[in-house]
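J.: Got a predicted model here, sequence first, then my questions.
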Amino acid sequence: MSEMLYWQALNRAMDAEMAADETVLTLGEDVGLYGGTYRVTEGLMAKYGEWRVRDTPISENSFTGLGVGAAMLGLRPVVEIMTINFALFAMDAIVNMAAKIPFMSGGQFPMPLTIRMPGGVAKQLGAQHSQRLEHMLMNVPGLRIVVPATPQDAYWQLRQAIRSDDPILVLEHELLYFSKGDVDEATLAPPIHQAVARRRGRDITCIAYSRMLPLALQAAETLAAEGIELTVIDPRSLSPIDWDTCVRAVEQTHRCLIVEEDCRFAGAGAEFAATLQERCFYLLDAPIQRVAGMDIPTPFNGTLEAASIPRGEHIVQAARQMMAQQ
Amino acid sequence: MKAEITMPVLSDTMQTGRLTRWNKAVGEVIKKGEAVAEVETDKAILDVEAFADGFLAGPLAAVDTDIPVRQVIGYIADTPEATKTDSGGAARVAATTAPPAPPSAAPGAVPEKKTAPPDTQQPTAPAAAATPPDTAPSEKPASPLPPHTPTAAAAALQPPHAGGLQASPYARALARDLELDLSQVKPGPDGIIHAAQVLASALAPEDADLRRGPPYTIERPSMLRAAVARNMSATLDTPTFLISSRFATAPLHAAAKQAGLSLTLALTRACALTVAEDPWFNQVWTRQGLAKRSRVDVGIAVDTGDGLITPVLRDAASRPLKELVEDWRILLGKVKKGRIYPEDYQGASFYLSNLGVFPEVERFNAIVPVGASAILAVAAAGSDGRADFTLSCDHRVIFGADAARFLQRLGKRLEDLSWLATGEGGL
């Protein structure tokens, strides 16, 4: 067990998998010589050579397609797309190829492809560089999506993604790369798509993923001081979603609050709310609520940018309101 | 610009207040600190004071409705024009034509719902109110929702359930399991029945079934009466015992008269001094432990004609009698005017109930209010000149021998009245 940053945990995971399996390779813009925009592939080129750590031209559809082809033929490529915003160029490779080929080939072609991409609102990168897009990707059957919120999960889930024979998107958050946490490299990881309760409380189940998780945990502390106790569920995976864990929590609190940084409309929160009301309707004591990003392109202005996505106080406020009704 | 006037929180226990009257009409000038409306709370009628100079603006909450604390009841505008642009009349029209559950949709079934027009319930979230999921989708992009008020009005916008009764799914399921009739459950402050209300109703003693008896009508009790009923029911968990003695009251009566005191006040002082000698009588049982109070505050039951109230004389054991006399005069004045505040009647550590003015009452016993460990009931003096003194005690705090010694000391104090004439902070 040692304390490390989120990007370091990803780097350790890459290193471990590349050392364990020589079919693992990584490719993307600046992953080689430069070591990755967020340092995730730092030192790998020196260690594993330029055949396995490949710098690519600025052409997302091409190098993601290259990853698809490599995966079809038995390699385990890890494609890094510099930010999720650029994944829009690679949609054909991701949606039409990676997600479809195993299905359309009747399972003749496996797809052990991992695509890593940072996303989320960072600090004034403008509307075209601040998107989350997980709700877009959740709508593609055949893809799996994990959203590690802690260095430990980043380490575990990247390793598990690389070992999986299905196409998995690892959505990293730009503001989480420098968050710190304990990473135990020896313990057996929980299943990659399993949700976990980060905190237990009797009043409200708060479902929060990626960077919203630390916000929710902080809000839970504030609320606990006022006597409102939150259970905080980290789903860890957005496709598939571990419904059983969510349902069990909501059954105990009878109230549910979902926090997402992505836009509210037709988002992950909508999916959580819809399915949880189907499964928990008779145990709900209040309407399921969402705290979500605004349905607008992210403003560049720093104040407006901050106001367009959830903050801790919004979670506190929403929870208070849910409890004040009764 | 308009600022909100909200239902004030006037005590810890206050959840709703009944708006009894508006002192001003829409458009009238109001001064900061002026009473713009009156609210009936648990025990009193209180003023809602204006927090700023300006003009009263609508929509105003309807009179004679129970309104949750902190809910907006009206507005103060800084210009007379601002009151005109959104007059009370216009608001009323809006209230009755607004699609989401106008109060008139369920006139009889859920009277508690009739609080304020819906448009006053969420005045701070117009964007949220403008885009419920069932409105035309074309409206959506025009007003993106701020993240913190995503569905602020969701609860308020729910269409009423068939029969006008709104209950959460969990509340319904619980009611079914507990075989409770939901129509008998009082909704929460938002007008919706939640699990908490179902459970409270399940734990509350069942109402008598009156259907087989004579015909009847149901009348809403005054807030004061309802509060007394609630407080008395809350004492059911207190294990009590009674202990009685008979003391001559004539000497006290005479000495009090000489000192210019009412008998009630003289008795209060006698009790306070006796309590001060044995701190057990000034303690109360709480879940955390025994609360030991450092001051004797005596609550005195007063008949208001319409109910019961217990003004409290603070520090009744050690302050000069002169101060107590003055305090008592002020408190009685407040009771008479119905302008008594929670700090005037809450928090006594010992209680006194004197029915000595009814010569027919030979003896009675009183109920120990929550927050105290004992109450003394004093009846009228009999033909032998002695009156019955019955002490009700919380047995978790006070034991029989303590109570016996208390009466012993009180008896001596009623014989030797030197404390009244001179010593111990006398007049």
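T.: Now that the structure is in, tell me what you want to look at.
J.: Could you say which helix or strand holds the residue of the stretch 301-427 of chain B found nearest chain A?
T.: Across the stretch 301-427 of chain B, the shortest distance to chain A (CB to the nearest CB) belongs to B:Val370, at 20.6 Å. Bear in mind the C-beta positions are built from the backbone N, C-alpha and C, glycine included. Secondary structure assignment for B:Val370, by DSSP states H and E: no helix or strand.
J.: Can you check the pLDDT for the closest residue to it other than its chain neighbours?
T.: Among residues not flanking B:Val370 along the chain, B:Ala234 sits closest, at 5.0 Å (CB to CB, 6 or more residues apart in numbering or on different chains). As summarised for this prediction, B:Ala234 has a pLDDT of 88.
J.: Remind me which helix or strand B:Ala234 belongs to.
T.: Under the criterion of DSSP H and E, B:Ala234 resides in helix B:223-234.
J.: Name the residues of that helix that are buried.
T.: Applying a neighbour-count criterion of 16 or more other CB atoms under 10 Å in any protein chain shown, the buried positions in helix B:223-234 are B:223-224, B:227-228, B:231.
J.: Where does pLDDT dip in the stretch 101-250 of chain B?
T.: B:101-164 (pLDDT under 70).
J.: can you map out the strands along it?
T.: For the stretch 101-250 of chain B, the strands defined by DSSP state E, counting those that start in this stretch occupy B:240-248.
J.: Next: the stretch 101-250 of chain A.
T.: A:114-119, A:144-146, A:168-173, A:180-183, A:196-199, A:204-208, A:230-234, A:237-239.
J.: and of these, who's closest to B:Ile218?
T.: For the strands of the stretch 101-250 of chain A, the distance to B:Ile218 is smallest for strand A:204-208, at 36.2 Å, taking CB to CB.
J.: rewinding a little: out of the strands of the stretch 101-250 of chain A, deepest packed?
T.: strand A:204-208 (a mean of 29; mean count of other CB atoms under 10 Å in any protein chain shown).
J.: Extract the CA atoms of that strand and return them as PDB.
T.: Only the C-alpha atoms of strand A:204-208 are listed here, as PDB (Å, rounded to 0.1, in the frame of the first residue of the first chain):
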ATOM      1  CA  ILE A 204     -30.500   9.900   1.500                       C
ATOM      2  CA  THR A 205     -28.700   7.700  -1.000                       C
ATOM      3  CA  CYS A 206     -26.400  10.000  -3.000                       C
ATOM      4  CA  ILE A 207     -25.100   8.500  -6.200                       C
ATOM      5  CA  ALA A 208     -22.100  10.400  -7.500                       C
END
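J.: how distant is that strand from the center of its chain?
T.: 17 Å (CA atoms, centre = their mean, to the nearest Å).
J.: Check whether it comes near chain B.
T.: No. Judged by CB under 8 Å from any CB of the partner chain, strand A:204-208 stays clear of chain B, getting no closer than 13.0 Å.
J.: And for the residue of the stretch 1-150 of chain A found nearest chain B, the neighbour number?
T.: Relative to chain B, the nearest point of the stretch 1-150 of chain A is A:Val121 (11.4 Å; CB to the nearest CB). Residues near A:Val121, counting by other CB atoms under 10 Å in any protein chain shown, number 23.
J.: Please report the distance of the nearest residue to it once chain neighbours are set aside from A:Leu176.
T.: Nearest residue to A:Val121, sequence neighbours excluded (CB to CB, 6+ apart): A:Ser130, at 4.6 Å. According to CB to CB, to the nearest Å, A:Ser130 and A:Leu176 sit 15 Å apart.
J.: likewise B:Leu352?
T.: 65 Å.
J.: what sits against A:Ala9?
T.: A:151-152, A:154-155, A:181, A:183 (CB atoms under 8 Å, 6 or more residues apart in numbering or on different chains).
J.: A:Ala70 too?
T.: Residues counted as contacts of A:Ala70 (CB under 8 Å, 6+ apart) are A:25, A:77, A:113.
J.: out of those, who has the most neighbours?
T.: Neighbour max across the contacts of A:Ala70 (other CB under 10 Å) = A:Leu113, 32 neighbours.
J.: Quick check: phi and psi on it?
T.: Main-chain torsions, A:Leu113, degrees, to the nearest 10: phi -110, psi 130.
J.: Settle this for me: it is touching A:Ser164, isn't it.
T.: No. If you go by CB atoms under 8 Å, A:Leu113 and A:Ser164 don't touch, sitting 9.2 Å apart.
J.: show me what contacts the residue of the stretch 301-427 of chain B closest to chain A?
T.: Applying CB under 8 Å, 6+ apart, we find B:Val370 in contact with B:231, B:234-235, B:238.
J.: TSV for those residues, including distance to A:Asp92?
T.: Below are those laid out as TSV (distance: CB to CB, whole Å):
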residue	distance to A:Asp92
B:Asn231	72
B:Ala234	69
B:Thr235	75
B:Thr238	75
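J.: so how many other residues sit close to residue 83?
T.: All of this refers to chain A. Neighbour count for A:Thr83, taken as other CB under 10 Å: 21.
J.: could you do chain B instead?
T.: Using other CB under 10 Å, B:Thr83 has 23 other residues around it.
J.: Would you tell me which strand is longest in chain A?
T.: strand A:256-263 (DSSP state E).
J.: right, and A:Ala224 touches A:Gly201 too?
T.: Yes. Here A:Ala224 reaches A:Gly201: they are 7.2 Å apart, a contact under CB under 8 Å.
J.: which one of the two has more residues nearby?
T.: Using other CB under 10 Å as the criterion, A:Ala224 and A:Gly201 rank with A:Gly201 on top: 19 against 14.
J.: can you pull the pLDDT of that one?
T.: A:Gly201 is assigned a pLDDT of 97 by the prediction.
J.: Now it: closest residue in space that isn't a chain neighbour?
T.: Counting by CB to CB, 6+ apart, A:Gly201 lies nearest to A:Glu229, which is 3.0 Å off, once chain neighbours are set aside.
J.: Tell me how many other residues crowd that neighbour.
T.: Neighbour count for A:Glu229, taken as other CB under 10 Å: 17.
J.: which residues touch it?
T.: Shown in contact with A:Glu229 (CB under 8 Å, 6+ apart): A:201-204, A:220, A:223.
J.: Can you tell me how far it is from A:Thr245?
T.: Distance of A:Glu229 to A:Thr245, given as CB to CB: 18 Å.
J.: Show me what the helix or strand hosting B:Thr390 packs onto, helices and strands only.
T.: In this assignment (DSSP H and E), B:Thr390 forms part of strand B:386-394. Counting contacts by 3 or more CB pairs under 8 Å, 6 or more residues apart in numbering or on different chains; DSSP states H and E, strand B:386-394 is packed against strand B:240-248, strand B:374-381, helix B:400-415.
J.: can you rerun that using 6 Å?
T.: strand B:240-248, strand B:374-381 (3 or more CB pairs under 6 Å, 6 or more residues apart in numbering or on different chains; DSSP states H and E).
J.: Pick the most deeply packed of the ones you listed.
T.: Using mean count of other CB under 10 Å, strand B:374-381 ranks as the most buried of the helices and strands packed on strand B:386-394, with a mean of 24.
J.: Other residues contacting that one?
T.: For strand B:374-381, contacts defined as CB atoms under 6 Å, 6 or more residues apart in numbering or on different chains pick out B:249, B:271, B:281, B:351-356, B:358-359, B:361-366, B:368, B:387-393.
J.: circling back to that earlier point, can you tell which of the helices and strands packed on strand B:386-394 is closest to A:Arg255?
T.: That would be strand B:240-248 among the helices and strands packed on strand B:386-394, by CB to CB, at 38.9 Å.
J.: Pull the distance from the closest one to the chain's centre.
T.: Put simply, strand B:240-248 sits 30 Å off its chain's centre (CA atoms, centre = their mean).
J.: now the angle from that strand to strand B:374-381?
T.: Orientation check (axes from the mean of the first three to the mean of the last three CA atoms, to 10 degrees): strand B:240-248 against strand B:374-381 gives 40 degrees.
J.: helix or strand right after strand B:240-248?
T.: Going down the chain from strand B:240-248, the next helix or strand is helix B:250-259, by DSSP H and E.
J.: Point out the other helices and strands that that next one packs with.
T.: Using 3+ CB pairs under 6 Å, 6+ apart, helix B:250-259 is in contact with helix B:263-277.
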